[in-house]
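Undergrad: predicted coordinates and the sequence they were generated for:
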Amino acid sequence: MNERCFVAVAARKGGVGKTVVACGLASALAHQGRRVLVIDLDPQSNAAYVLGVDPIAPGTAELLTGGAVSPLEATQELHVLPGGPELGSQRIQSLHPEELAEAVISLNYDVIVFDCPPGNEYLERLGVVAADVALVVTNAHPLAVIGAERVLEILESYQLKGRRGPGRWALVLSQIDARRSLDKQIAPQLALRYPQIPRFVIPQDTTLSLAAAEQVPLMDYDANCRGATELVALAQWVLDPDSFKGANNA
Ligand SMILES: Nc1ncnc2c1ncn2[C@@H]1O[C@H](COP(=O)(O)OP(=O)(O)O)[C@@H](O)[C@H]1O
Ligand SMILES: [Mg+2]
C-alpha cells in the first residue's frame, strides 16, 4: 500500500453521484482509522454540506491562494476544506494547473479526496492533476457516459504525455437500479468499451441520499447499508489494488 494516497472523483456531468462517492469513500477510509481530508472543489460546496461542516467557511480557495487553512472536523479522522464561490473567481482560474498538487504536499493526511465540480474543466483539472488515483463516475444516462468518456480521454492523454496526474483509474457506475433497462445495459457496455478499466457499481440506495441530506458521514449514519458495503470495497481498491480481489464487479 502507498504511504499516502490522493484520489480525484470526477465526472464532468452534474448530479451523477460524485459527491456521494467522494464523501462515502472518505467516510469509509476514516472509519478504518486513516486520517482523511476531503478537498471540495465545487463552488457550491456540496461536500462540506454533506459532511456536516460549515460550507461557507474558508477552505479550498484559501489553500490555492497561499492562505493559512484549518480544515474543519466532520469526525476526528475526517476533515474537510469547503469549496465556495471564490473557486469560480478569475484569481483561481488563472492559477497553474499544478497549483493544487503543490499545495497539498505539505498537508498531513493519509488520504486526500478531491471532489471535483461538474462542468468546470479548470477546477476539475486542478483535482485530477493532484491525484494518483482517479474515480470516474457515471450513472446510466447517455449524457453522463459522454461526460465520463471526456474525463477518461484526459486521463489517458496525461499519462501518454508523461504529465503529472493519476497512474490508475476506475469507472464508478453510480445510482444503479437493476430494474431499469438503461441501468442493466451500462455495465456490459462499458466492459466492452473499456475492458482494462476496473469497474465498481454503487447501487441506487436511499440511505446514501438520506445520509447526505441529514449531513452525517455515511459510516456514522449506516455502515451496513448496501451503498456503504460497495464504498468500502472501492476504498480497498483505492488503497491497494493488488490485494483487491473483487475488481470488475460490474
Ligand atoms: N447511489 C445513490 N443512491 C441514491 N441517491 C444518490 C446516489 N448517488 C447520489 N444520489 C443523490 O443524487 C443527487 C446527486 O448526487 P451528488 O453526489 O450530489 O452528485 P454530483 O456530485 O455528481 O453532482 C443527490 O441528491 C444525492 O443524494
Ligand atoms: Mg458534487
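TA: Yep, it's here. Please read all numbers here as calculations on a predicted model, not as lab measurements. Ligands and ions are numbered 1, 2, ... in the order given.
Undergrad: can you list contacts of the helix or strand harbouring Thr207?
TA: With elements delineated by DSSP states H and E, Thr207 resides in helix 206-213, which encompasses its position. Defining contact as C-beta atoms under 8 Å, 6 or more residues apart in numbering, one finds that helix 206-213 is touched by 19-20, 23-24, 50, 202, 217-218, 221-222, 225-228. The way it works is simple: take the backbone N, C-alpha and C, and place the C-beta from them, glycine included.
Undergrad: list buried residues within those residues.
TA: Judged by neighbour count, with 16 or more other C-beta atoms under 10 Å as the criterion, the buried members of the contacts of helix 206-213 are 19-20, 23-24, 50, 202, 217-218, 221-222, 225, 227-228.
Undergrad: and those near ligand 1, which?
TA: Residues shared between the buried ones among the contacts of helix 206-213 and the neighbourhood of ligand 1 are Thr19, Val20, Ile202, Gly227 [C-beta under 6 Å from any ligand atom].
Undergrad: now, these that are in strands?
TA: The strands in this structure, assigned by DSSP state E, contain Ile202 from these.
Undergrad: filter the ones next to ligand 1 among the buried ones among the contacts of helix 206-213 down to just the ones in helices.
TA: In helices, judged by DSSP state H, the following of those are found: Thr19, Val20, Gly227.
Undergrad: filter these down to the ones close to ligand 2.
TA: Thr19 (C-beta under 5 Å from the ion).
Undergrad: reformat the ones in helices among the ones next to ligand 1 among the buried ones among the contacts of helix 206-213 into CSV and put pLDDT and distance to Val136 next to each item.
TA: Compiled in CSV, these are given as follows (pLDDT from 0 to 100; distance: C-beta to C-beta, whole Å):
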residue, pLDDT, distance to Val136
Thr19, 98, 15
Val20, 98, 15
Gly227, 98, 18
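Undergrad: which residues of this protein fall in strands?
TA: With DSSP E as the criterion, the chain has strands spanning 5-10, 36-40, 72-73, 78-81, 111-115, 133-138, 168-176, 199-203.
Undergrad: tell me the most buried of those strands?
TA: With neighbours defined as mean count of other C-beta atoms under 10 Å, the strands of the chain peak in mean count at strand 36-40, which reaches a mean of 30.
Undergrad: what is the rounded mean pLDDT of it?
TA: Here the mean pLDDT over strand 36-40 is 98, rounded to a whole number.
Undergrad: can you check stretch 161-176 too?
TA: Predicted confidence along stretch 161-176 averages 97 (mean pLDDT).
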